[in-house]
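Asks: Coordinates only, no sequence provided:
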């Protein structure tokens, strides 16, 4: 069984998307990806669909079921711990709703093979590549990333991106117990921590397409957590010592 690449997908009420997504990931690169679904007790039966598909993909499809909506960040951290415990060396984050094109997993993997420690599927590295979002949401997302760059000094164009590949050594270097944000701010905090540790972050251009099925989980509270959380994160970093072993020149 290949223990090299694992895609982690948190779900809540993604019954309309999850089977197509599972089958697509399973088909990539001659079956070279494993897939871990972390479902937060979806009342629409998302977990049941995954369990049915496990009969077909028993060696590569895995499911962690949780009792309720516990937050995006806690889902990913649980997934990261599971991936490391099972020996995966390339760990991917991706949404279930096809806003992230599964074919781009190969591009992120390729970037890590070429030297990136973290590869980000970036909407903003070459202009603005977002399809079917209202202009207000595009502007909010774009300027949120600009805000993160201004506050942190981190040179990442798409700081809020949720489509990524981490090398295992990055995840092993991060103390997950110290990651505080649980919503979309979690994506910023993980990138910032990897950057402060000196890991090489590379942005890979993608086209982000808004979901066609299901309901978005974005809310004002999630945005507010990221807004104020970035300031707290930056201030905390001023009194935090980061190991120098991974420090990159100019980081």
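Replies: Received, thanks. Note that this is a predicted model, so its numbers are computed, not measured.
Asks: which one is residue 29 nearest to, not counting chain neighbours?
Replies: Using CB to CB, 6 or more residues apart in numbering and skipping the chain neighbours, the partner closest in space to residue 29 is residue 106 (6.2 Å). Using the backbone N, CA and C atoms, a C-beta is placed for each residue, glycine as well.
Asks: Now do that neighbour: how many residues are near it, please.
Replies: For residue 106, the neighbour count with other CB atoms under 10 Å is 14.
Asks: tell me the mean pLDDT over the helix or strand hosting it?
Replies: Under the criterion of DSSP states H and E, residue 106 resides in helix 105-113. Average pLDDT, helix 105-113: 97.
Asks: can you check stretch 4-23 too?
Replies: The average of the pLDDT scores along stretch 4-23 is 96.
Asks: Now do the same for residue 236: its pLDDT.
Replies: We have a pLDDT of 88 for residue 236.
Asks: Torsion angles phi and psi at it?
Replies: Note on residue 236: its backbone torsions stand at phi -60, psi -40 [degrees, to the nearest 10].
Asks: how near is it to residue 190?
Replies: To residue 190, residue 236 is 15 Å away according to CB to CB, to the nearest Å.
Asks: So these two - more neighbours on which side?
Replies: In terms of neighbours (other CB under 10 Å), residue 190 is the more surrounded of residue 236 and residue 190; the figures are 25 against 12.
Asks: Tell me which residues touch the closest residue to that one other than its chain neighbours, please.
Replies: Excluding the flanking residues, the one nearest residue 190 by CB to CB, 6+ apart is residue 179, at 6.8 Å. Residue 179 sits next to 73, 77, 186, 189, 190, 193 when contact means CB atoms under 8 Å, 6 or more residues apart in numbering.
Asks: Make a PyMOL selection of the buried ones in those residues.
Replies: This is the PyMOL syntax for the buried subset of the contacts of residue 179, where burial follows 16 or more other CB atoms under 10 Å:
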select buried, resi 73+77+186+189+190+193
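Asks: Pipe the contacts of residue 179 into a markdown table and attach pLDDT and secondary structure per row.
Replies: Below are the contacts of residue 179 laid out as a markdown table (pLDDT from 0 to 100; DSSP: H, G, I helix; E, B strand; the rest coil):
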| residue | pLDDT | secondary structure |
| --- | --- | --- |
| 73 | 93 | helix |
| 77 | 97 | helix |
| 186 | 91 | helix |
| 189 | 94 | helix |
| 190 | 95 | helix |
| 193 | 95 | helix |
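Asks: Tabulate the contacts of residue 179 in TSV, adding columns for distance to residue 147.
Replies: Shown next, in TSV, are these (distance: CB to CB, whole Å):
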residue	distance to residue 147
73	19
77	24
186	16
189	14
190	17
193	18
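Asks: Looking at the contacts of residue 179, which one is closest to residue 163?
Replies: Closest approach between the contacts of residue 179 and residue 163, by CB to CB: residue 190, at 12.7 Å.
Asks: Do I have it right that that closest one meets residue 173?
Replies: No: contact criterion CB atoms under 8 Å: residue 190 and residue 173 do not qualify, at 11.5 Å.
Asks: a helix runs through residue 37, doesn't it?
Replies: No: per DSSP: H, G, I helix; E, B strand; the rest coil, residue 37 lies outside any helix segment and is strand.
Asks: And it, how close does it get to residue 121?
Replies: From residue 37 over to residue 121 (counting by CB to CB), the distance is 19 Å.
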